[in-house]
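**Student:** 3D, please:
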Amino acid sequence: MTQTSEKSDPQLAKAMTLHKAGRPAEAEPLYRKAAAAHPKDGRYLYLLGLCLLDQGKLAEGRKVMADTVALAPLHAGAHYTLGRLLAHAGEDAAAKAHFCQAVTLGPTVAEHHLELGNLAAKMNEFGDAVASFKAGLRMAPQHAGLKANLGTALYLLGDRSEAITLWREALARAPKLSVARLGLANDLRNRGDLAGAERELRQAAAADPKNPQIRYSLGVTLRHRGDPAAAIVELEQARALDPSMVECKVELARCYQQICAWNELEQLKPALKAEFDKAMAGKPSAISAFFALSLPATHEERAAVAREHVARAKTRAAIEARGAAPFAFDRTPRERLTVGYLSSDLRDHPGGHLIAGLFKAHDRSRVIVHAYSIGPDDGSGYRRQFEQDADKFVDLGPVGNLEAARRIHQDRVDILVDHNGLTRLARPEISALRPAPIHATWLGFPGTTGADFFDYAIVDAIVAPPGVEPLYSERLCRLPHSYQVNDHWPPTIGPATSREAEGLPATGTVYCCFCASYKIERAIFLRWMEIVRAVPDAVLWLLSGPPAMQHRLQAAAKGAGIDPARVIFGARKPKPDHLARLALADLMLDTDTYGGHTTLSDALLAGVPAVTRLGDDFPSRVGASLLTTVGLDDLILPDFDGYQRLAIELGRNRDALAAIKARLAAAQPTTPLFSPKQFAHSLERAYAEMWRIYSKGGAPRTIDLSPDDVAR
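**Tutor:** Numbering: from 1, shown residues only. Okay, the predicted model is just below:
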């Protein structure tokens, strides 16, 4: 609206003065009169719409903006404002059309490009988002918001270095800009610096206390720091600020799961089911693929969540590689295969503990071992061991996905084995770019990834029995024993300890389960209480955790009629010390939906047998795989009634338990479960068969290795 218009229309001038003074309610009737006096001039209607919106009258304001666009289709501001309203309402396609019109009609206005880019990012169209932000920066090179949002889009596409530069430039111009600080905080969290991430987020929250995204991200960070109770406070604030924030409900569910707040978790089940339904319909879901594994869901629901996340990863990879030629390979036979292991766990981490002896155990006449780290360097002995045992160790953490893929291809890797799948620090975009002739997924993610860029999933016949092939996007490569590698026998064990030193009774049966608390569900805990009730002087020994978790489990014991003192918690300890204390237990009780994996093999390594139920899906069948490999398949039960009976019987019958422990002790020195050398040999046979199929021009197909195949 021009100055001339204001002078020629005193009512309009007064309305605008009141509006600018923060008195939109007084301005509204004057705007209405002006608009009525100029029914064919959309500019008056536009100002009325802005006035209504400033009073919080969103529905009426939206209608007036739509009328403005109909009356004045060349009004860039009206298209922009209507686009923002539609985007807020979740009507993304319609919002995009109006933002595009705003950009066309007002190409020099930076905010038009900013909102179009933000919407594209929301719709996972990151290439378009980058293009919009860059176009805006050509109009306004120092625009902090454009720099910050461009940084976020580039970060999601794997360009960490440029993203951090942009976020810092944005903060230099606008120190309170939450988008930039959020980006830096999320990067710190992804690199394992949780304290640094929390520090950035608290600074952001102080500057912008009503920003739900900051509260949400702070909640996620606090959960990762092991304080789910504090995380819940932040997440509830985020939900109050934005009740439509579905990812907040999902993150709350993860926190409730960690503190065993089963009633609260039950209340969120409809929200979780809605997210599974979205994935089943091929729509974006707020549930992560890894979280889905611990929820009571069908294989199809978990696979749908995985496919949806993989689809986004493929899109990001394709955008990053736009214009780059696909990698080329040859199929000539190899005397030695170059095998690359891509992992974020090459450090002091449960996944790292499992593969600690593998690289050194590989036969160098068969394979050359390359290790590609995409996780933080924690400076641990495990990290140094991985660096030493690999023929080539490369830290890909700081580089983008395309650069990482180019490095792997440059190293002439024949088979790239992804150790993460779809876990938190995974970078499936690298494998989606296909830098090696053959891609396999193994160990880190117990289930199908839903990805068509993984040729094989390395499994065994128990976790993925014959007949499940149609449920997997990958072809299955079954090893002749458990798919889970472990460190060597005899293990490195800390100084001997005593029951008294660990807070355990000197006599009586000690049942244990050192699984993370998120795996402990109400039904299995009540089974454990029945087992403890039936065995005089028995106790249940669990891994310590947040005070809220320990309090709730002891309260649940009391509610079941069990003295809470019979539920004992052991602090986290370094692996050697943990194995030393584990030997004090009599029997491990496995969890249900997501069973013990590293924790169960640790028990077997320490000489403690375990009772498990054979579940329906991969995460609940690993215990059975491990027990079968050490010859204790009689401890695998088809249902929880049998599980409970056997656990009680072994708790009461010391001789029967001693006989089982003797069988385990006899198996420990020879089982492939505790022989990285034997396990490496099985993997080498699997890799050779994958390459044989590939070199003959064949497509990936199911591979079932027998003990005889491995013996050759």
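**Student:** Contacts for stretch 21-39 next, please.
**Tutor:** The contact list for stretch 21-39, computed with CB atoms under 8 Å, 6 or more residues apart in numbering, reads 9, 11-12, 14-16, 18-19, 44-45, 47-48, 51-52, 54-55. (C-beta placed from N, C-alpha, C; glycine too.)
**Student:** buried stuff in it?
**Tutor:** In terms of neighbour count (16 or more other CB atoms under 10 Å), stretch 21-39 has its buried residues at Pro24, Ala27, Glu28, Leu30, Tyr31, Arg32, Lys33, Ala34, Ala35.
**Student:** what do you get for stretch 452-462?
**Tutor:** Phe453, Phe454, Asp455, Tyr456, Ala457, Ile458, Val459, Asp460, Ala461, Ile462.
**Student:** Quick one: mean pLDDT for it?
**Tutor:** For stretch 452-462, the mean pLDDT works out to 98.
**Student:** And for stretch 578-586?
**Tutor:** pLDDT averaged over stretch 578-586 gives 98.
**Student:** For that stretch, what is the distance to the chain centroid?
**Tutor:** Remark: stretch 578-586 is offset 31 Å from the chain centroid, using CA atoms, centre = their mean, to the nearest Å.
**Student:** Can you get me the start-to-end distance on that stretch?
**Tutor:** End-to-end distance of stretch 578-586 (CA to CA, to the nearest Å): 15 Å.
**Student:** cool, stretch 198-217 as well?
**Tutor:** 9 Å.
**Student:** what's the answer for stretch 695-708, then?
**Tutor:** 23 Å.
**Student:** which outside residues touch it?
**Tutor:** With CB under 8 Å, 6+ apart as the test, stretch 695-708 has contacts from 331-334, 438, 455-456, 461, 469, 474-481, 682, 685-686, 689-690, 693-694.
**Student:** which of the residues you listed count as buried?
**Tutor:** Of those, these count as buried by 16+ other CB under 10 Å: 334, 438, 455-456, 461, 474-481, 682, 685-686, 689-690, 693-694.
**Student:** Quick one: the helices in the stretch 1-150 of the chain, in order.
**Tutor:** 3-8, 10-20, 24-37, 42-54, 58-71, 76-88, 92-105, 110-122, 126-139, 144-156 (DSSP state H, counting those that start in this stretch).
**Student:** Tell me which of the contacts of stretch 695-708 fall in strands.
**Tutor:** Applying DSSP state E to the contacts of stretch 695-708, the entries found in strands are Ile438, Tyr456, Arg475, Leu476, Cys477, Arg478, Leu479.
**Student:** Quick check: of those, which lies closest to Leu354?
**Tutor:** For these, the closest approach to Leu354 (CB to CB) belongs to Leu479, at 14.1 Å.
**Student:** what bridges to that closest one?
**Tutor:** Asp460 (DSSP bridges).
**Student:** Show me what the host helix or strand of Arg307 is packed against.
**Tutor:** Arg307 belongs to helix 299-320 when assigned by DSSP states H and E. Other helices and strands packing on helix 299-320, by 3 or more CB pairs under 8 Å, 6 or more residues apart in numbering; DSSP states H and E, are helix 126-139, helix 269-280, helix 289-293, helix 401-410, helix 428-432.
**Student:** What separation do you get for the residue nearest to Ser285 when sequence neighbours are not counted and Leu47?
**Tutor:** Of all residues not flanking Ser285 in the chain, Ala279 sits nearest, at 4.0 Å (CB to CB, 6 or more residues apart in numbering). For Ala279, the distance to Leu47 equals 44 Å [CB to CB, to the nearest Å].
**Student:** how about the helices in the stretch 501-650 of the chain?
**Tutor:** For the stretch 501-650 of the chain, applying DSSP H, counting those that start in this stretch gives helices covering 522-534, 547-559, 575-582, 598-605, 622-629, 640-652.
**Student:** Of the ones you listed, which is nearest Ser217?
**Tutor:** Of these, nearest to Ser217 by CB to CB is helix 547-559, at 21.2 Å.
**Student:** How far away from the center of its chain is the closest one?
**Tutor:** 28 Å.
**Student:** Let me see the mean pLDDT of that helix.
**Tutor:** The pLDDT scores in helix 547-559 average 98.
**Student:** contacts for it?
**Tutor:** 228-229, 258-261, 517, 520, 522, 525-526, 529, 542, 544, 563-564, 566-567, 569.
**Student:** a markdown table for the buried residues of stretch 452-462, including distance to Lys283?
**Tutor:** Converted to a markdown table, those look like this (distance: CB to CB, whole Å):
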| residue | distance to Lys283 |
| --- | --- |
| Phe453 | 21 |
| Phe454 | 23 |
| Asp455 | 27 |
| Tyr456 | 29 |
| Ala457 | 25 |
| Ile458 | 31 |
| Val459 | 29 |
| Asp460 | 34 |
| Ala461 | 35 |
| Ile462 | 34 |
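**Student:** Just the closest of these to Val367, please.
**Tutor:** Out of the buried residues of stretch 452-462, the member with the shortest distance to Val367 (by CB to CB) is Ile458, at 14.3 Å.
**Student:** The closest one is in contact with Gly444, isn't it?
**Tutor:** No: using CB atoms under 8 Å, Ile458 makes no contact with Gly444, being 10.9 Å away.
**Student:** Show the average pLDDT along stretch 632-651.
**Tutor:** Stretch 632-651 comes out at a mean pLDDT of 98.
**Student:** And that stretch, what's buried?
**Tutor:** Leu632, Leu635, Ile636, Leu637, Tyr643, Gln644, Leu646, Ala647, Ile648, Leu650, Gly651.
**Student:** I figured Ala647 hits Leu589, correct?
**Tutor:** Yes: using CB under 8 Å as the test, Ala647 is close enough to Leu589 to be in contact (6.1 Å).
**Student:** what sits in contact with each of these two?
**Tutor:** In contact with both Ala647 and Leu589: Tyr511, Ile531, Val611, using CB under 8 Å, 6+ apart.
**Student:** which stretches of the stretch 1-150 of the chain have low pLDDT?
**Tutor:** Applying pLDDT under 70 to the stretch 1-150 of the chain flags residues 1-8.
**Student:** quick check: domain ranges of this structure?
**Tutor:** 337-479, 510-671 (automatic domain parsing).
**Student:** Quote the end-to-end distance of the longest one.
**Tutor:** For domain 510-671, the first and last residues are 26 Å from each other (CA to CA).
**Student:** Please apply the same query to the first one.
**Tutor:** Counting by CA to CA, the length from the leading to the trailing residue of domain 337-479 is 19 Å.
**Student:** gap between that domain and the chain center?
**Tutor:** 17 Å.
**Student:** Same check on the longest one?
**Tutor:** The chain centroid and the centroid of domain 510-671 are separated by 27 Å under CA atoms, centre = their mean.
**Student:** Give me the residue at the spatial middle of the chain.
**Tutor:** In the chain, the centroid-proximal residue (CA atoms, centre = their mean) is Arg424; its distance is 3.3 Å.
**Student:** Validate this expectation: Ala325 resides in a strand.
**Tutor:** No: counting by DSSP: H, G, I helix; E, B strand; the rest coil, Ala325 is not part of a strand but coil.
**Student:** picking that back up, okay if I get the helices and strands packed on helix 299-320 as TSV plus mean neighbour count and distance to Arg223?
**Tutor:** Shown next, in TSV, are the helices and strands packed on helix 299-320 (neighbours: other CB atoms under 10 Å; distance: least, CB to CB, whole Å):
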stretch	mean neighbour count	distance to Arg223
helix 126-139	20	26
helix 269-280	17	16
helix 289-293	23	11
helix 401-410	20	26
helix 428-432	28	23
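**Student:** mind putting those helices in CSV, distance to Ala87 included?
**Tutor:** Below are the helices and strands packed on helix 299-320 laid out as CSV (distance: least, CB to CB, whole Å):
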stretch, distance to Ala87
helix 126-139, 13
helix 269-280, 19
helix 289-293, 27
helix 401-410, 28
helix 428-432, 26
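**Student:** and of these, who's closest to Leu600?
**Tutor:** helix 289-293 (15.8 Å).
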